[in-house]
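*Asks:* Using only what follows, build the 3D model:
(2 chains)
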Protein chains: 2
Amino acid sequence: MTDPAGNARAAQRAAMRAGGDLRSAALLALDGLLDARRDAIDAANQADLVAAKAADLDGPLLDRLALSPTKLDVLRGGVRDLASRPDPVGAVRRHTRLDDGLELRLVSSPLGVLLIVFESRPDAVIQIGSLAMRSGNAVLLKGGSEASATNRVLVQCLRDALQSVGLPSDLVIGVEGRAAVGELLTRDDAIDLVIPRGSGKLVRTITDSTRIPVLGHAEGVCHVYLDAGADPHKAARIVVDGVTDYPAACNATETILVHRDFVAQFQGVREALLTSDGALVEPSTDADWGTEYGTKTANVRIVDSLDEAIDHIHTYGSGHTDAIVTEDEHAARRFLAEVDSASVVHNASTRFADGYRYGLGAEVGIATGRLHARGPVGVDGLLTTRWLLQGGGHIVSEYSRGERSFSWADLLDPS
Amino acid sequence: MTDPAGNARAAQRAAMRAGGDLRSAALLALDGLLDARRDAIDAANQADLVAAKAADLDGPLLDRLALSPTKLDVLRGGVRDLASRPDPVGAVRRHTRLDDGLELRLVSSPLGVLLIVFESRPDAVIQIGSLAMRSGNAVLLKGGSEASATNRVLVQCLRDALQSVGLPSDLVIGVEGRAAVGELLTRDDAIDLVIPRGSGKLVRTITDSTRIPVLGHAEGVCHVYLDAGADPHKAARIVVDGVTDYPAACNATETILVHRDFVAQFQGVREALLTSDGALVEPSTDADWGTEYGTKTANVRIVDSLDEAIDHIHTYGSGHTDAIVTEDEHAARRFLAEVDSASVVHNASTRFADGYRYGLGAEVGIATGRLHARGPVGVDGLLTTRWLLQGGGHIVSEYSRGERSFSWADLLDPS
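*Replies:* Down below sits the predicted model:
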């Protein structure tokens, strides 16, 4: 009987004593193996592509499946970048002297065991695998069956890289087959976080079938509100970018809310959008307001006030990313303070909501949940904290009896 | 039809535009009302106590139910302390200039709507209600039926305090009856976090019956490991304090792990424990190792090594708080690095794991989950974050085409 979740948990705990230098060394070893084995990786990827074409899979899926030498080089650059970054494990977030000789630190620690379920793109093996390595986590990787040959070679590179520096290879375990995932989703005793990377359907299916916390987002229904005080030129730029730049992305704009007093100027926005192959529709049912089209089409609605725009966003939005275009500072301030979304934007495109653009480096995903991590998530999303208390024989009863008392001096940020 | 969850959500969103000063004013108004209505509070509490005695409820429960004038004054002090603390809402945690005129801030924001389910102690209405007020959250409060008269008067104080400063009174809503809670636990659309305060059974029942994230802990099975290098005097102090100071607390010590080379010196620890009315048992079944006794009794086990001690903690512990007693710096470092618990302690009592002692001020609870908040949780546990992006008409396609590029300057911590 194999027990991948149990093996991953054991490997992760065994690796807790390893330092950041060893994790950096494993990443550099990975970079080397991806280079040394590029022919094997390419051959496996070609095999997957041939099988996918034979199975009549569609063009966009073939694009995602292909792992070209250029893509591999970009991935390797990301791995080297991670290797050179400071170790995120053990960073001290709070440091308090509770009393003489009694010091408390809150330190960042690996989350534990991650389960990543992804579709088509084998890039995810490297991206998430290396993020897990950097952060001291173990990871169970389940990719789509259409990429199974590529994934297998890449997972082996990760395992061999770990072993080459003396870390347990079971920090990375490849998982195949639907049944295996179903089984893993029941293991809330051994898995700490599930990260689905793929369609909204995948995310919903996983969220509905596990008690393990899920980091991700099923929908990205993003709004741009053109306020009465909007600059027409900025409005046109931001709407065209949001709707047409990459409509399949979760941060693409789905709905334009137009203040009644901006309707006359909105004609220019509409023309700019049509020029860029975009289209506007007026939904006939309530459900349409909450639907992510994934095309260069946006819903449009006239609203009477900022309040009505915010209400619309709270009623139909997905809490992902919502923007206001206005020169009215008061309206902008209210929108930024009151809209309850992971990203709230003033005079810029919703498309900026992304880990790379936000400067987080490698991206774990975008979360629309409120707990733990919200919006674009970098390596911090793979960390938790532990409180470390060091004393010299200190006991609580002496404080209860008033023989000693706490002084609580902040040693990290003394002010 | 009343919809408490929906009403709380609407109130919370309406209050997003309120500033911290208004929240402070509401807290000061609450302090005043608790003083002005102390006779009504006392009368309600006496009525609850009379009914509880008539129903033959046990002594400890009566103690928890009683809200004496002294307890009320301590609670009022906590409310005033919260009123004077800096506003936690809107604190900037990251600030990055992505490019000229394009600035990104990560700001702390209220989590949204909290559901607190607590047993017996009416103090929780004030403690959690005031923490929710300070952090801009709405809160649904469901207390035990034995405290219903007291809870009703206290909830009304909170609602009146909010209304007196112009905040929506539905930021605090009292809920009564088991059926109402069952219904609320299905409302993952409108409730963001459930905080159960009470027995392990209450926490487990709630965790098993909701999809809403739960902040809390069902068990506190805490260990003290007496290493080969332990100082016998410190060992005795720390074991006695952990086992006997307040055995009903979740941070009380349940199991003593003794290194084989410390067995001879352990005799002194055993005698100190017996002198303090403590007892040691050697469990006969595996299940006993994972049981929280809540009495002055501790399990004892001889182990051959630090590794065996850590394995025992990972196998039978609850991830709450675990301590090592040793003068051996290497053993201490390994224990602190490798034990995967919310609090890990060196040469001090497990009983320190508590929000007040950790210097967090008022305590929301102690969480043994890994996500969002871990260990003793202060007001930070009631906050989430939002990304606020402000530009001047910036669009992503100009960056994709290479016409502009990101500079990512850290404005919060420029180094």
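
*Asks:* switch to C-alpha atoms for all contacts and neighbour counts from now on
*Replies:* Will do.

*Asks:* How about the residues of the stretch 101-250 of chain A by chain B?
*Replies:* Within the stretch 101-250 of chain A, the positions near chain B by Cα under 8 Å from any Cα of the partner chain are A:104, A:111, A:192, A:234-235, A:237-238, A:241, A:245.

*Asks:* Show me which residues of the stretch 251-400 of chain A sit near chain B.
*Replies:* By Cα under 8 Å from any Cα, the residues of the stretch 251-400 of chain A that approach chain B are A:334, A:336-338, A:340-349, A:351-352, A:357-359, A:370-375, A:384-397.

*Asks:* Start from the N-terminal end of chain A and give the helices.
*Replies:* Using DSSP state H, the helices of chain A run over residues A:4-14, A:20-36, A:38-54, A:59-65, A:69-84, A:123-134, A:148-164, A:178-184, A:200-208, A:232-244, A:263-275, A:306-316, A:329-338, A:397-400.

*Asks:* Nearest to B:Pro88, out of those?
*Replies:* The closest of the helices of chain A to B:Pro88 is helix A:329-338. By Cα to Cα, the value is 14.0 Å.

*Asks:* hang on, the earlier thing: same list, the helices of chain A, but as TSV with mean pLDDT and mean neighbour count please.
*Replies:* Converted to TSV, these look like this (pLDDT from 0 to 100; neighbours: other Cα atoms under 10 Å in any protein chain shown):
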stretch	mean pLDDT	mean neighbour count
helix A:4-14	96	21
helix A:20-36	97	21
helix A:38-54	97	17
helix A:59-65	87	15
helix A:69-84	94	17
helix A:123-134	93	24
helix A:148-164	98	22
helix A:178-184	93	14
helix A:200-208	89	16
helix A:232-244	98	25
helix A:263-275	97	16
helix A:306-316	97	18
helix A:329-338	97	17
helix A:397-400	96	14
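
*Asks:* Nearest to chain B: which residue in the stretch 101-250 of chain A?
*Replies:* A:Lys234 (4.8 Å; Cα to the nearest Cα).

*Asks:* The longest strand along chain A vs helix A:123-134, what angle?
*Replies:* With secondary structure taken from DSSP state E, chain A has its longest strand at strand A:383-394. Orientation note: strand A:383-394 sits at an angle of 10 degrees relative to helix A:123-134 (axes from the mean of the first three to the mean of the last three Cα atoms, to 10 degrees).

*Asks:* Can you give the contact residues for strand A:383-394?
*Replies:* A:89, A:101-111, A:135, B:234-235, B:237-238, B:336, B:340-349, B:370-375 (Cα atoms under 8 Å, 6 or more residues apart in numbering or on different chains).

*Asks:* In strands only, show me the residues you listed.
*Replies:* A:102-110, B:343-348, B:375.

*Asks:* Just give me the closest of those to B:His330.
*Replies:* Among the ones in strands among the contacts of strand A:383-394, and counting by Cα to Cα, the member closest to B:His330 is B:His346, at 11.7 Å.

*Asks:* Spit out the contact partners of that closest one.
*Replies:* Taking Cα under 8 Å, 6+ apart as the criterion, B:His346 is in contact with A:388-392, B:323-326, B:332, B:336.

*Asks:* swap in A:Leu412?
*Replies:* Contacts of A:Leu412 by Cα under 8 Å, 6+ apart are A:93-96.

*Asks:* for A:Val300, same thing?
*Replies:* Counting by Cα under 8 Å, 6+ apart, A:Val300 touches A:255-258, A:280-283.

*Asks:* Separate out the buried members of those residues.
*Replies:* Among those, those classed as buried by 16 or more other Cα atoms under 10 Å in any protein chain shown are A:255-258, A:280.

*Asks:* Farthest-apart pair in those residues, please.
*Replies:* A:Val258 and A:Leu280 (12.3 Å).

*Asks:* tell me the contacts of the closest residue to chain B within the stretch 301-415 of chain A?
*Replies:* Proximity of the stretch 301-415 of chain A to chain B (Cα to the nearest Cα) peaks at A:His372, 3.7 Å away. Residues counted as contacts of A:His372 (Cα under 8 Å, 6+ apart) are A:381, B:371-373, B:384.

*Asks:* Phi first, then psi, for it.
*Replies:* Main-chain dihedrals, A:His372, degrees, to the nearest 10: phi 70, psi -60.

*Asks:* Could you verify my assumption that A:Gly355 touches A:Ala367?
*Replies:* No. Applying Cα atoms under 8 Å as the test, A:Gly355 and A:Ala367 come out as separate, 10.9 Å apart.

*Asks:* who has more neighbours, the two?
*Replies:* Legend: neighbour count by other Cα atoms under 10 Å in any protein chain shown for A:Gly355 and A:Ala367, higher for A:Ala367 (23 against 18).

*Asks:* Name all residues that make contact with that one.
*Replies:* Listed by Cα under 8 Å, 6+ apart, the contact set of A:Ala367 reads A:215-217, A:320, A:342, A:373-377.

*Asks:* hmm, try it at 7 Å
*Replies:* Neighbouring residues of A:Ala367 by Cα atoms under 7 Å, 6 or more residues apart in numbering or on different chains: A:215-217, A:373-377.

*Asks:* Centroid-nearest residue for chain A?
*Replies:* Nearest to the geometric centre of chain A sits A:Gly365, at 1.3 Å (Cα atoms, centre = their mean).

*Asks:* Show me what it is bridged to.
*Replies:* Using DSSP bridges, the bridge partners assigned to A:Gly365 are A:Val377.

*Asks:* And the residue of the stretch 1-150 of chain A closest to chain B?
*Replies:* For the stretch 1-150 of chain A, Cα to the nearest Cα, closest residue to chain B: A:Met16, 5.2 Å.

*Asks:* how far away is that residue from B:Asp277?
*Replies:* The gap separating A:Met16 from B:Asp277 is 38 Å, by Cα to Cα, to the nearest Å.

*Asks:* what's around A:Leu102, how many residues?
*Replies:* If you count neighbours by other Cα under 10 Å, A:Leu102 ends up with 19.
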